[in-house]
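Trainee: Sequence first, then the predicted structure:
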Amino acid sequence: MSSGISQLLEQIHEFSRRCLFRVISVGPLPIHLAFIMDGNRRYAKKRGLEDGSGHKVGFSALMSMLQYCYELGIKYVTIYAFSIDNFRRKPEEVKSLMNLMLEKIKSLLDKESIVHEYGIRVHFIGNFALLSDQVRAAAEEVMEATAKNSRVLLLVCVAYNSTDEIVQAVKKSCTNKLVEHSEGRDRDIERIQLVNIEETMQMRVAPGPDILIRSSGETRRSNFLLWQTGSSQLFSPDALWSEIGLRHLVWTILNFQRSHSYLEKKKKKPL
Ligand code: FPP
Ligand code: MG
C-alpha cells in the first residue's frame, strides 16, 4: 500500500476513534485503569514467534492503550510489568525480560516518546532492591525526566506484589510511630491506624482503580493491588495482552458505565 493511502487510512481511524470517544465521554468515565498484561508468551507461541517476541508486541499494545487512555482523559493508568513471583521463572527468561524492560524504559526517554508527546508522568512502584543497578537507574531517570508532566500518571509496577507493598508499609508506619513517639509528637504508641498504613503505601499517589483488566481470560488477581481493588470492577477479556486493542477498552468502559449508577447508589446507601 502506498504511504499516501496508509496515511489517509490512519487519519480516518483517528477521526473515527475521536468521534467514538466523544460519544463514550457523555457517560461516566473511569479515573483510574489498572492492567495485568497477561498472555504475552502464549501470543508468541500461537504465532510461532521466537521467545520474548510476545513481550515486545505487548509493549506496543501498551503504548496504544496509553494513547487511548490519554485521548479519553483517563488520569491514572497502572500496569503490572513484572511481579516479584516472576523472578522465579527460568534465569534466562528473567534476564531477557529485564533486558527488554531496560530497553523499553530507556526508550521512554527519547524525545519522540509518547510520554513526552502526551505529558505522561511515569512513576515506578515496587521493591527496587530486587532490580539490577541498571534497571533501577533507568527507572529513576525516567521518573525524574517526566516529573513535571501532569496529564496522565502512569504507575509501572516492577518487582512488585501487593503483600510486599503492604508489609513494607506496615514496617514504615511502625518506624514512623516510634520516631513520633520518641519526639513526643504521638503518645499513642500502641495503635497503628488504617490511615498510618495508607499514607505509607507506595500506591498512595493514586486513588484505587475503578477498573482492573486482566487479559487472556484469566480472572486471578495474582497478588496485584489487593489493598486498592476492593471496590474495583474486574474485567478479563479473552484476548491475549499483545492482541488487546481499542475494542476491548471500549467494551470494558461501556460495561463499567452500565453498572456505574447502581454501584454509586450502593456506595451511598447504608448496608
Ligand atoms: C505477562 O505475560 C507479562 C509480563 C511478565 C511482562 C509484561 C511486560 C511488558 C509488556 C513490557 C513492559 C515494559 C515497560 C517498560 C513498562 P506472560 O509472560 O505471563 O505470558 P503468558 O501468560 O502467556 O505466559
Ligand atoms: Mg502469564
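Mentor: Everything's here; your move. Ligands and ions are numbered 1, 2, ... in the order given.
Trainee: quick one, what contacts the residue of the chain most remote from its centre?
Mentor: Here the chain has its C-alpha centre computed as a mean, and the residue farthest from that point, by CA atoms, centre = their mean, is G184 with 39.7 Å. Applying CB atoms under 8 Å, 6 or more residues apart in numbering, one finds that G184 lies in contact with no residue. To be clear about C-beta, it is placed using only N, CA and C from the backbone, and glycine gets the same treatment.
Trainee: tell me which element it is part of?
Mentor: For G184, there is no helix or strand it lies in under DSSP states H and E.
Trainee: ditto for L153
Mentor: With elements taken from DSSP H and E, the one containing L153 is strand 152-160.
Trainee: So which elements touch that strand?
Mentor: Contacts of strand 152-160 with other secondary structure elements, assessed using 3 or more CB pairs under 8 Å, 6 or more residues apart in numbering; DSSP states H and E, are made with helix 53-72, strand 76-83, strand 120-125, helix 133-145.
Trainee: can you give me the mean pLDDT across the first one?
Mentor: In this model, helix 53-72 has a mean pLDDT of 97.
Trainee: cool, the shortest one as well?
Mentor: Along strand 120-125, the predicted confidence averages to a pLDDT of 98.
Trainee: what about the stretch 51-200 of the chain, any weak spots by pLDDT?
Mentor: Within the stretch 51-200 of the chain, the segments meeting pLDDT under 70 span 187, 189.
Trainee: Spell out which residues of it are next to ligand 1.
Mentor: Within reach of ligand 1 by CB under 6 Å from any ligand atom, the stretch 51-200 of the chain has these residues: H55, G58, F59, L62, A81, F82, N86, M101, K104, I105, V156.
Trainee: any chance of those in a markdown table, plus neighbour count?
Mentor: As requested, those are arranged in a markdown table below (neighbours: other CB atoms under 10 Å):
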| residue | neighbour count |
| --- | --- |
| H55 | 22 |
| G58 | 26 |
| F59 | 18 |
| L62 | 22 |
| A81 | 25 |
| F82 | 24 |
| N86 | 18 |
| M101 | 23 |
| K104 | 19 |
| I105 | 23 |
| V156 | 24 |
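Trainee: Dihedrals phi and psi, L212?
Mentor: Taking degrees, to the nearest 10, you get phi -120, psi 120 for the backbone angles of L212.
Trainee: Mean neighbour count, the helices and strands packed on strand 152-160: which tops it?
Mentor: Compared across those, strand 76-83 shows the largest average neighbour count, a mean of 23 (mean count of other CB atoms under 10 Å).
Trainee: and the next element down the chain from that strand?
Mentor: For strand 76-83, the succeeding helix or strand toward the C-terminus, using DSSP H and E, is helix 91-107.
Trainee: Counting by contacts, list what that following helix packs against.
Mentor: Packed against helix 91-107 by the contact rule (3+ CB pairs under 8 Å, 6+ apart) you find helix 53-72, strand 76-83, helix 133-145.
Trainee: Pull that helix out as PDB, backbone CA atoms only.
Mentor: Included here for helix 91-107 are C-alpha records, laid out as PDB according to Å, rounded to 0.1, in the frame of the first residue of the first chain:
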ATOM      1  CA  PRO A  91      17.000 -17.400  34.800                       C
ATOM      2  CA  GLU A  92      17.400 -16.900  31.000                       C
ATOM      3  CA  GLU A  93      13.800 -15.700  30.800                       C
ATOM      4  CA  VAL A  94      14.200 -13.300  33.700                       C
ATOM      5  CA  LYS A  95      17.300 -12.000  32.100                       C
ATOM      6  CA  SER A  96      15.700 -11.500  28.700                       C
ATOM      7  CA  LEU A  97      12.600  -9.800  30.300                       C
ATOM      8  CA  MET A  98      14.800  -7.500  32.400                       C
ATOM      9  CA  ASN A  99      16.800  -6.600  29.200                       C
ATOM     10  CA  LEU A 100      13.600  -5.800  27.400                       C
ATOM     11  CA  MET A 101      12.400  -3.800  30.400                       C
ATOM     12  CA  LEU A 102      15.700  -1.800  30.400                       C
ATOM     13  CA  GLU A 103      15.500  -1.100  26.700                       C
ATOM     14  CA  LYS A 104      11.900   0.000  26.900                       C
ATOM     15  CA  ILE A 105      12.400   2.100  30.000                       C
ATOM     16  CA  LYS A 106      15.200   3.900  28.200                       C
ATOM     17  CA  SER A 107      13.100   4.300  25.100                       C
END
